[in-house]
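Visitor: Model the structure of this input:
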Amino acid sequence: MHRNAIYVLTICVAGLIALGLVMLFSTSAFAEESHSDIYFFVKRQGMWLCVGLVVAVVASLVDYHFWIRYWWIAFGAAALLLALCFLPPIGLRINGSSRWINLGFGVVQPSELAKIAAIFFLAWWFSRSEINFSKFKNGLLFPMAILSILMGLIVLEVDMGNTALIGGTAVAMMFIAGAALRWLATIICCGLGGIFLVATNVSERHGRLLAFQNPEKYSLGEGLQQWQALIAFGSGGLDGLGLGEGRQKMLYLPYAHTDFIFPMIGEELGLYATLLTVLAYLMICLCGALVASNAKDTLGRLLGIGAVMMITLQASVNIGVTTSLLPNKGMPLPFISYGGSNMVVCLFLIGLLVNIHRQGRPLVSHFAPALLRPHFEPRI
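Guide: Predicted coordinates for the structure are as follows:
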């Protein structure tokens, strides 16, 4: 299984990318930004896909120790770009959030680079031999304080989703590294408390929270997207209405080509297609974890877990939002939603997993113990 894990993973990724291009072709003509060009988003996504494939090849060939050696460059660049989000005219404020910058050749989202920077930093920190998890300051306080620089800037953008995504990935990497469970539980509780505090005190986020609790009541306001998404799933049924025959993309469901493309899969291709999509992400998670468990060193193990958790957690949040299992949060579906920055970053992480697999140990006898056994045993 370990020998074929990376092949299964790449097949799943290729299938999701192909599905995304097909669904973008189906939904593009009805988006306001397309200017009635049915190929607008497909062409732009194809361009970013080419860039992402080049980045993935480079990541798969260059020794992952090289990237960690210069983690501070990625970290500093991410912090600088995040700060530029608040500096007009470079920074762009859209729908009440300052998450984008215009670099001349296109609009990018710096929080995507921050994901990579966070993984690099945490992998470097926890792979050092002098780390002692019995001391809270050395084991968790310092890395969380440094990571909070990026997370704090993302919070100021009013982007709670990517903040939680980086935080969740950090907790997973800390667990694999051997952090004490009592400290991890404390961090999780503090993080959830902080998200709830922001959600209840920022008017837009509070409205989304109320809409999540009662979507039908707010179906014409904050709950519009999720309500229309549920209608799309219901209309599609088991077999779907047929490719291109969906109705919710006709200006009923906002951002049907980006954050809410999953309901369009359900409406046009049916329940079976949505279940296969979820299965593909589950296989990416399983195969990615298997690759990470067979890394030749602690650094590779941490990088692998960070990469696979970043992708699958993002997919889980998007699917949870579009099915009304989570409050509304703008977050693209990896490899499927329109978005150049996210596509390039996700493909870079896949390339990193390929690199770890290429340098990994030949085989492990038992998958589960190897996966769950960290470099240092977790402490209670």
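Visitor: where exactly do the strands run in this protein?
Guide: Applying DSSP state E to the chain gives strands spanning 91-94, 97-102, 107-108.
Visitor: quick one: the helices in the stretch 251-380 of the chain?
Guide: 261-269, 271-293, 298-322, 340-358, 367-372 (DSSP state H, counting those that start in this stretch).
Visitor: closest one to residue 171 among the ones you listed?
Guide: Closest to residue 171 of those, according to CB to CB: helix 298-322, at 9.0 Å. Glycine gets a C-beta too; all of them are placed from N, C-alpha and C.
Visitor: Deepest-packed of the strands of the chain, please.
Guide: The highest mean neighbour count among the strands of the chain, using mean count of other CB atoms under 10 Å, belongs to strand 97-102: a mean of 19.
Visitor: could you turn that strand into PDB, dropping everything but the C-alphas?
Guide: Only the C-alpha atoms of strand 97-102 are listed here, as PDB (Å, rounded to 0.1, in the frame of the first residue of the first chain):
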ATOM      1  CA  SER A  97     -12.300  41.900   3.900                       C
ATOM      2  CA  SER A  98      -8.800  43.000   3.100                       C
ATOM      3  CA  ARG A  99      -7.400  39.700   1.800                       C
ATOM      4  CA  TRP A 100      -6.000  40.500  -1.600                       C
ATOM      5  CA  ILE A 101      -3.200  42.500  -3.200                       C
ATOM      6  CA  ASN A 102      -2.800  43.500  -6.800                       C
END
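Visitor: State the mean pLDDT of it.
Guide: Per-region confidence: strand 97-102 scores 81 on mean pLDDT.
Visitor: Check which helices and strands that strand sits against.
Guide: Applying 3 or more CB pairs under 8 Å, 6 or more residues apart in numbering; DSSP states H and E, one finds that strand 97-102 contacts strand 91-94, strand 107-108, helix 110-126.
Visitor: Next, the buried residues of the longest one.
Guide: Read it as helix 110-126. Using 16 or more other CB atoms under 10 Å as the test for burial, helix 110-126 gives 110-126.
Visitor: Same question for stretch 245-263.
Guide: Neighbour-count burial for stretch 245-263 flags 246, 248-249, 252-253, 255-263 (criterion: 16+ other CB under 10 Å).
Visitor: ok, now stretch 214-227?
Guide: Residues of stretch 214-227 classed as buried: 215, 218, 219, 222, 223, 224, 225, 226, 227 (neighbour count, 16+ other CB under 10 Å).
Visitor: Surely the last one touches residue 214?
Guide: This points to residue 227. No: in this structure residue 227 lies outside contact range of residue 214 using CB atoms under 8 Å: 10.6 Å.
Visitor: what residue ranges in the stretch 51-200 of the chain score low on pLDDT?
Guide: Residue ranges of the stretch 51-200 of the chain with pLDDT under 70: 95-96, 104-106, 132-139, 199-200.
Visitor: same thing but at 50, please
Guide: Applying pLDDT under 50 to the stretch 51-200 of the chain flags no residue at all.
Visitor: quick one: the helices in it?
Guide: In the stretch 51-200 of the chain, the segments counted as helices under DSSP H, counting those that start in this stretch are 64-69, 71-84, 110-126, 136, 142-156, 160-177, 181-201.
Visitor: Just put the ones you listed in CSV and tack on distance to residue 8.
Guide: Below are the helices of the stretch 51-200 of the chain laid out as CSV (distance: least, CB to CB, whole Å):
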stretch, distance to residue 8
helix 64-69, 21
helix 71-84, 29
helix 110-126, 22
helix 136, 39
helix 142-156, 32
helix 160-177, 21
helix 181-201, 30
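Visitor: Show me which of the ones you listed has the highest average neighbour count.
Guide: Among the helices of the stretch 51-200 of the chain, ranked by average contacts under mean count of other CB under 10 Å, first place goes to helix 110-126 (a mean of 25).
Visitor: What is it packed up against?
Guide: On a contact count with 3+ CB pairs under 8 Å, 6+ apart, helix 110-126 meets helix 64-69, helix 71-84, strand 97-102, helix 142-156, helix 160-177, helix 298-322, helix 340-358.
Visitor: Show me what the first one is in contact with.
Guide: Which is helix 64-69. Residues outside helix 64-69 that contact it (CB atoms under 8 Å, 6 or more residues apart in numbering): 59, 74, 120, 123-124, 127, 299-300, 303, 352, 355-356, 359.
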